[in-house]
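Colleague: Sequence isn't available, so here's the structure alone:
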């Protein structure tokens, strides 16, 4: 079905429900970054396949706002279908969107209004041009795929101008209207079974996690905690599944009260393994149908209120139930049923536990990166031989296949941790590019560089690494950019900082060498990484977004990935994963007026191509860092490789000390 046909049917549905606009986000009911195929509604309607973006579809006769510089409305916004995405996907979206029907809205740029600002201007325009005082600009949404915080902000922005959000269930529609159009072509809902994540990798039992959560609940008088994101549920109950490509999670919710804990899922498909059933039972976890969560929350609130009503007025106030829900990471369908006075809207108790790995989890991460280094050495030795010796040109798709096969030979490997990004030449500038056998696919030879961003999910850990390679001779310009990106990576890696420092404070060290020549990159420098879980994990990050004030803590895993990109030419990125370690014993109190400090330790163990480095741009300390890193890589990775094998010989060559001036 082409874009024109989809939009025509969407607008017919919107007209049926008297909607001026309808929002189609990337999200599933759990607000996942990566979603199962059945939930990729935005990709279906827009044909843009990137992982981040929101589609807005307007009625054909909607009244467009007048051009107003103060309202950030740009010209050339007359299309009635718009797609917002961030700078990582500008190139990809520009190529995939049908410009006859869709307008690309480049989120984060000064001249681009936010979705909420744009919809507010549409509401103003309708109110201004309507003869009826009761005219309302109606924005249709599926309440299960928008965050509660977004819906609250949108409602508050629209209401003063006669606008409102309209949920599908309010107009008697039980399914998402996109699904009705997708019909039989929509992929089936995922149904992979849960498996137990062993205690040797989890490091903490479910019972112990529940004890910690209840202790946190007691501090804020919460009587029930709801966990909506799939990785929160997997972490909490020490289970893993395969419902989402590259993410070892299963479609489910979790709830914890002072009396019990419940896993909401499709038991018929999820609890096939008797070991999982026994695991949950041993830890006091009951199982309920996936769709029962909202009803159970309502029952918890109602039942508790009735019980409290028999007491005195003061007692009733103190025993009134309270539900702990992080509305920024929960869908609107859940949050709207909880009265404001009974909602504890804060980061949930699992998020910081999951973010700060225990020793067993971190040891699994270290192990995963060693075997990942073996896989990359084997792959790169093959790649060099094919191109430099056999003079082959290798397609981006073939590269991906061979690299995944190299990882698959490693013990405990499950799947990639995200779709491989293998971009030759100009495709390397498409930050979240994925090669397909189409007209955009390129071949690697001796002439152009390649950016490879890839990772693996292992039973015991998760990896994510980016390297930029050149099989021939890079230009002086390319080498300078490469070196400055490397300097940024070393700058972050070498940092020592006091406790209670947010990640955004470290970001400048990644960009300093590029800023010196008036260059920059448009993405963040670092994201959290799960332990045998999602490759992108909060709550911490390293980026210019100073709104994330989460401080860096011991036990966190974070990426360090500065880059530089020139559209139509090339992309450069050098990414290592790092673990945050304390300097000294943080359990010992320090004297007044002094602080405890932290540092990074490297997880990723893959060489950096030395003949792309302009040595004169490096300081002695930076050259020492590089030699020390390569010595560590060869020591740890080489120990698992057979002497004389092509992979180990390649590793040995790549890890020799840099030639100093």
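Modeller: On my side now, so go ahead. In this text, all values refer to a predicted model and were calculated from it rather than measured experimentally. Numbering: from 1, shown residues only.

Colleague: contacts and neighbour counts: CA atoms only from here.
Modeller: Fine.

Colleague: Which residue comes closest to residue 618 once chain neighbours are left out?
Modeller: When the adjacent residues along the chain are set aside, residue 618 lies closest to residue 487, with 7.3 Å between them (CA to CA, 6 or more residues apart in numbering).

Colleague: Which elements pack onto the longest helix anywhere in the chain?
Modeller: Taking DSSP state H as the criterion, the chain has its longest helix at helix 359-384. The criterion is 3 or more CA pairs under 8 Å, 6 or more residues apart in numbering; DSSP states H and E, and the helices and strands that helix 359-384 contacts are helix 199-202, helix 396-408, helix 620-638, helix 646-654.

Colleague: Show me which parts of the last one are buried, residue by residue.
Modeller: Same thing as helix 646-654. Applying a neighbour-count criterion of 16 or more other CA atoms under 10 Å, one finds 646-652, 654 buried in helix 646-654.

Colleague: repeat for the third one
Modeller: Of all the residues in helix 620-638, those buried under the rule 16+ other CA under 10 Å are 622-623, 626-627, 629-634, 636-638.

Colleague: ok, back up a step: possible to save the helices and strands packed on helix 359-384 as CSV with distance to residue 328 and mean pLDDT?
Modeller: Converted to CSV, the helices and strands packed on helix 359-384 look like this (distance: least, CA to CA, whole Å; pLDDT from 0 to 100):
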stretch, distance to residue 328, mean pLDDT
helix 199-202, 26, 98
helix 396-408, 35, 98
helix 620-638, 39, 98
helix 646-654, 45, 98
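
Colleague: next one: the longest helix of the chain to chain centre, how far?
Modeller: Distance of helix 359-384 from the chain centroid (CA atoms, centre = their mean, to the nearest Å) equals 22 Å.

Colleague: same question, stretch 213-226
Modeller: With CA atoms, centre = their mean, you get 27 Å for stretch 213-226.

Colleague: Over to stretch 167-177?
Modeller: Distance, stretch centre to chain centre, for stretch 167-177: 28 Å (CA atoms, centre = their mean).

Colleague: Next, the buried residues of that stretch.
Modeller: Quick answer for stretch 167-177 (16+ other CA under 10 Å): 167-168, 176-177.

Colleague: circling back: tell me which of the buried residues of helix 646-654 is nearest to residue 44?
Modeller: Lowest distance from residue 44 to these (CA to CA) belongs to residue 647, with 41.9 Å.

Colleague: Now, the buried residues of stretch 167-177 that are in helices?
Modeller: Under the assignment DSSP H, the buried residues of stretch 167-177 contribute residue 177 to helices.

Colleague: what's residue 240 in contact with, if anything?
Modeller: Residue 240 is in contact with 194-197, 234, 248-250, counting by CA atoms under 8 Å, 6 or more residues apart in numbering.

Colleague: any idea where the helices of the stretch 301-450 of the chain begin and end?
Modeller: 313-318, 332-335, 350-355, 359-384, 396-408 (DSSP state H, counting those that start in this stretch).

Colleague: for these, which one sits closest to residue 120?
Modeller: Shortest distance between residue 120 and the helices of the stretch 301-450 of the chain, using CA to CA, is found for helix 332-335: 19.7 Å.

Colleague: Centre of the chain to that closest one, how far?
Modeller: In terms of CA atoms, centre = their mean, the gap separating the centre of helix 332-335 from the centre of its chain is 21 Å.

Colleague: Lowest-scoring secondary structure element of this protein by mean pLDDT?
Modeller: When the helices and strands of the chain are scored by mean pLDDT, DSSP states H and E, helix 313-318 comes last with a mean of 46.

Colleague: Low-confidence bits of this structure, can you list those?
Modeller: The chain contains residues with pLDDT under 70 at 66-78, 132-134, 304-318.

Colleague: what do you get if the cut-off is 80, keeping everything else the same?
Modeller: Flagging of the chain using pLDDT under 80 yields the residue ranges 65-79, 130-135, 303-319.

Colleague: Closest to the centroid, which residue in this protein?
Modeller: residue 536 (4.0 Å; CA atoms, centre = their mean).

Colleague: what about the longest strand in the protein?
Modeller: Determined from DSSP state E, the single longest strand within the chain is strand 576-583.

Colleague: ok and it relative to helix 359-384, angle-wise?
Modeller: 150 degrees (axes from the mean of the first three to the mean of the last three CA atoms, to 10 degrees).

Colleague: For strand 576-583, enumerate the helices and strands it packs against.
Modeller: strand 465-470, strand 557-560, strand 597-602.

Colleague: if you set the cut-off to 7 Å instead, what comes out?
Modeller: Applying 3 or more CA pairs under 7 Å, 6 or more residues apart in numbering; DSSP states H and E, one finds that strand 576-583 contacts strand 557-560, strand 597-602.

Colleague: Go through those and pick out the most buried.
Modeller: With neighbours defined as mean count of other CA atoms under 10 Å, the helices and strands packed on strand 576-583 peak in mean count at strand 557-560, which reaches a mean of 30.

Colleague: Can you list the neighbours in contact with that strand?
Modeller: Outside strand 557-560, the residues that touch it by CA atoms under 7 Å, 6 or more residues apart in numbering are 489, 525-529, 575-580.

Colleague: Between which two of these is the distance greatest?
Modeller: 489 and 529 (17.3 Å).

Colleague: Looking at these two, which has the bigger crowd around it?
Modeller: Taking neighbours as other CA atoms under 10 Å, residue 489 and residue 529 compare with residue 529 leading, 29 against 24.

Colleague: doesn't residue 537 make contact with that one?
Modeller: Yes - in this structure, residue 529 is within contact of residue 537 by CA atoms under 7 Å, at 5.0 Å.

Colleague: what about residue 446, how many neighbours?
Modeller: As a burial measure, residue 446 scores 16 neighbours (other CA under 10 Å).

Colleague: Quick one: residues contacting it.
Modeller: 387, 471-472.

Colleague: try residue 466
Modeller: Going by CA under 7 Å, 6+ apart, residue 466 touches 452-454, 573-575.

Colleague: In helices, which of those residues appear?
Modeller: Nothing among the contacts of residue 466 maps onto helices, per DSSP H.

Colleague: Of those residues, which belong to strands?
Modeller: Per DSSP E, the contacts of residue 466 map to strands at 452-454, 573.

Colleague: Pipe these into TSV and attach neighbour count per row.
Modeller: Listed next are these as TSV, based on neighbours: other CA atoms under 10 Å:
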residue	neighbour count
452	25
453	23
454	21
573	27
